[in-house]
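Asks: Here is the input, now give the coordinates:
(chains A, B and C)
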Amino acid sequence: MESFRKIYSSEFHKKFLAHNVRPDGRSLDDARNTKISVNSFGSSNGSAFVRIGNTHGSQKLGGGGGDGTSVTCAIVAEVGPPTDATPNGQIIVNVEMTPICSSRFRTGKPTEEAQALGHWLNELVRSPHHLSLEDMKVKMTRHEAVEDDEEEDSLPGMVWYLYADVYCINHDGSIGDAALIALFSAIQNVRLPQLVVTKENQMIAMPIDASSGRINILHHLVPTTFAIIDEQVLVDPSAEEEELSSGLLTIVTRSDGSLVTIRKSGGTSLDDEKLKQCMKTAAERCKTVEKEIKSQR
Amino acid sequence: MAARRVEERYRSNAPVTTVRPLHHSFLPGSQATNLAKRDRKRNEFRQFFMKTGIIGQASGSAYLEMANTKIICGIYGPRQIPKMEFSEKAKLQCDFKFATFAESRRERRKYTADKEEKEFSMLMVQALESSLILEKYPKSVIDCYVIVLENDGGALNGAITCASMALANAGIEMYDLVAAASIGLNPLNGEILLDPTEAEEIEYKKGGKKGGGVVTIGFMPGMNEITQIWQSGQIPQEKWLL
Amino acid sequence: MQNGNQSLVCPGERLGHTDTFESGEGTYILGNYVHASVIGAREETAGKDGGKTLLSVKKEKEPSIVPDIKSIVTARVTRVNPRFVNVSILCVGDRVLREPFAGMIRQQDVRATEIDKVEIYKCFRPGDIVLAEVISLGDSRSYFLSTAKNELGVIFAKSVAGATMVPTSWESMMCPKTKTKEFRKVAKGASLSSSINVNCTTVTLLQTKTDLLNTTQCLRR
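Replies: This is a model prediction of the structure:
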């Protein structure tokens, strides 16, 4: 059974798809559950852990994956001077697909897949339509011990640069979905501390309290990936299904119902009817996932 | 500098040089409070949480949590040696990495392994190699990847324990599990403490009148053998006799 | 993890004295004791004619395996040249490898008779699935495999037209679409695809059942 799956994986899947089911028991338009937990890493300014599929942690026997994608994203805030292009600071996203998440990756420079995904996330997150960085001015004060009666020397106007690092823990398909959900959940939970400047001009971050700043998210973005296998469209594919597919389609929708991006790879064509159906599915999934993200505040 | 540039080529960067604000424990005059904070007995471990089989793509995996220290480990293999070399037994390769955001008391870690991480990788191989029955897997390599998602002290000993669990989870035959622990010597009063946190580790390594340092020990409980001892800082001779 | 009455052991655990027990799979001997080398359930098998009891530990999970001498492997042909074919080993016995190992079938190991007359191109093509036996750990690069037995050889091949071919003799296969014959070193009897041709509906039923179980478990929590 397992060896049949390995050797003739396309035949194996076709047998299931002919009955409109998938080997893991899902129907074609059935997305896996998404589970988010936030701020698990106290060493960062905001973090999120996202798991798609296998959300109740049951261990499936045998090889062949099919056990859910997991991704963690954590944000570290650093301080720097504003530039013309970034008057309000910036979010810098990097995706790390380390060899821990799949046997496809090896140590060394990031794969093209990771670089491309990182670039895509950067574009989305830097667009002014979804996030507002205007509240991101750094609040600085002098350390009390130093404060004399002399003129309060002006502290330079600084802005926050947020390094968001997405670490892929388990790669079981639809990694872009998990990464974007993790990124937005982490951004939503970023707390920016007050800074104190010491006599030696060192900046020290004070503990987080009620006055710590947050980032204003205008709209949550929720992506949904589809795999195209022989005329059939599968929602939220697993790694095995992605491997077999002739093309992938990612649709990003916004919480207000509007469409943000469509990214389609592969040379296969997809007719209007199916594309519309995909957009509908994506919009529906957006609602459930957004609810999950917002509940994690 | 060259290494930094290579790293930057493949990643997104801020347009300007940025600085990470220091952790609030670095406010002047807080060494004493950092050390006084310990909320458990000196021979008490922090609370443990362990789970195996969390990375489905790997042949074995484990997650370990010691209060705020969070470590994840995945085992791949036994698989073919990528380099062409013939060996009668398997080779164990460890790759230890801190996540860039793992530590709150220092600047962000680099994406590529720095010297400390390379040293830890080597120490892990030393600590684990002797526990495995490598002769069972000729011509192959066992890859052990560790990511420290958050470090609040005890990253190395946690990584060794976690990796040993993951190896057992992968079904790789071994002589014994390896459990590792660290102890610290408080430079202010010469006390020996079990399982120091990150803040304590930093202060211990700075040292003082009475020495100060951290010792990590890898131990095979079933065979009653020590696989590794690693010490940093300086510990006076008479303390060793305890 | 397992129910309580099974005794679960961990690597390094001392299982018994060598005077009464013999070391089986998943165990090793150190000094005078048998120890476990994997996580799993302890198993005792009575020894033959009053000998020592065989102690073994049955692994909880599919154990990690590597190809060994004499094991039968399933492999995919990756490259063919006049002297040998390169294959990547996918399964050892009925266990699936997570990652392939490289193997090689040399000209002299293709069949048992008329070794020097073997024409590799008439035996294998890239993409074929082959059943073979490991004859040695080989060189630094690959394991050496042999198909010099009746039941070893090509078990699955696609024709030029892209259809799955049917064996017609021990050295040829026919394409059901175009009825052309192609030469292969065919394995006798066992056509893998038919033997593991699973009834899809039962699989589906099974899957839905486990899924239902999972959901109910989740709900109960």
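Asks: quick one: the residue in chain B that chain A sits nearest to and chain C, what's the gap?
Replies: Residue nearest to chain A within chain B (CB to the nearest CB): B:Gly56, separated by 3.1 Å. From N, CA and C alone the C-beta is placed, and that goes for glycine too. Applying CB to the nearest CB, to the nearest Å, the value for B:Gly56 to chain C is 11 Å.
Asks: mind checking pLDDT for the closest residue to that residue other than its chain neighbours?
Replies: For B:Gly56, ignoring the flanking residues on the chain, the nearest one in space by CB to CB, 6 or more residues apart in numbering or on different chains is A:Asp67 at 3.1 Å. Per-residue confidence (pLDDT) for A:Asp67: 74.
Asks: sec struct for A:Asp67, please.
Replies: What DSSP: H, G, I helix; E, B strand; the rest coil gives for A:Asp67 is coil.
Asks: same deal with the one 10 residues further on?
Replies: The three-state label given to A:Ala77 by three-state DSSP is strand.
Asks: same check, this time on A:Asp24
Replies: Quick answer, by three-state DSSP: A:Asp24 is coil.
Asks: any idea where the strands of chain B begin and end?
Replies: B:48-52, B:60-66, B:69-80, B:91-98, B:140-150, B:179-185, B:192-194, B:212-220, B:225-234 (DSSP state E).
Asks: Single out the most deeply packed of those strands.
Replies: strand B:69-80 (a mean of 26; mean count of other CB atoms under 10 Å in any protein chain shown).
Asks: any chance of the strands of chain B in TSV, plus distance to A:Leu270 and mean pLDDT?
Replies: Output for those, formatted as TSV (distance: least, CB to CB, whole Å; pLDDT from 0 to 100):
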stretch	distance to A:Leu270	mean pLDDT
strand B:48-52	40	90
strand B:60-66	36	93
strand B:69-80	35	92
strand B:91-98	40	94
strand B:140-150	37	94
strand B:179-185	53	91
strand B:192-194	61	87
strand B:212-220	55	90
strand B:225-234	57	88
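Asks: before we move on, back to that, A:Gly173 is in contact with the residue of chain B closest to chain A, correct?
Replies: No - B:Gly56 is beyond contact range of A:Gly173, at 11.1 Å (criterion: CB atoms under 8 Å).
Asks: contacting residues around the residue nearest the centre of chain B?
Replies: Geometric centre of chain B, nearest residue: B:Leu156, 1.8 Å, by CA atoms, centre = their mean. Residues in contact with B:Leu156 (CB atoms under 8 Å, 6 or more residues apart in numbering or on different chains) are B:96, B:120, B:123-124, B:180, B:182, B:216, B:230.
Asks: so where's the chain uncertain?
Replies: Using chain A. A:1-2, A:55-66, A:144-154 (pLDDT under 70).
Asks: I was after chain B.
Replies: B:1-7, B:30-37, B:84, B:240-242.
Asks: the helices in it, which residues?
Replies: Using DSSP state H, the helices found in chain B span residues B:2-9, B:31-36, B:115-129, B:155-169, B:198-206, B:237-240.
Asks: Same check on the stretch 151-297 of chain A?
Replies: A:175-188, A:239-244, A:272-295 (DSSP state H, counting those that start in this stretch).
Asks: Mean neighbour count and distance to A:Ile92 for the ones you listed - can I get that in JSON lines?
Replies: Formatted as JSON lines, the helices of the stretch 151-297 of chain A follow (neighbours: other CB atoms under 10 Å in any protein chain shown; distance: least, CB to CB, whole Å):
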{"stretch": "helix A:175-188", "mean neighbour count": "26", "distance to A:Ile92": "11"}
{"stretch": "helix A:239-244", "mean neighbour count": "19", "distance to A:Ile92": "27"}
{"stretch": "helix A:272-295", "mean neighbour count": "16", "distance to A:Ile92": "21"}
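Asks: close enough to count as contact, B:Phe26 and A:Met206?
Replies: No - counting by CB under 8 Å, B:Phe26 sits too far from A:Met206 to count as a contact (11.4 Å).
Asks: what does the stretch 101-250 of chain A put close to chain B?
Replies: A:101-103, A:107, A:109-110, A:115, A:118-119, A:122, A:143, A:145, A:161, A:163, A:165, A:167, A:169-172, A:193, A:195-196, A:198-199, A:202-207, A:239 (CB under 8 Å from any CB of the partner chain).
Asks: now chain C
Replies: Going by CB under 8 Å from any CB, the residues of chain C near chain B are C:10-14, C:26, C:28, C:30, C:35, C:37-39, C:59-66, C:98-102, C:137, C:139-141, C:143.
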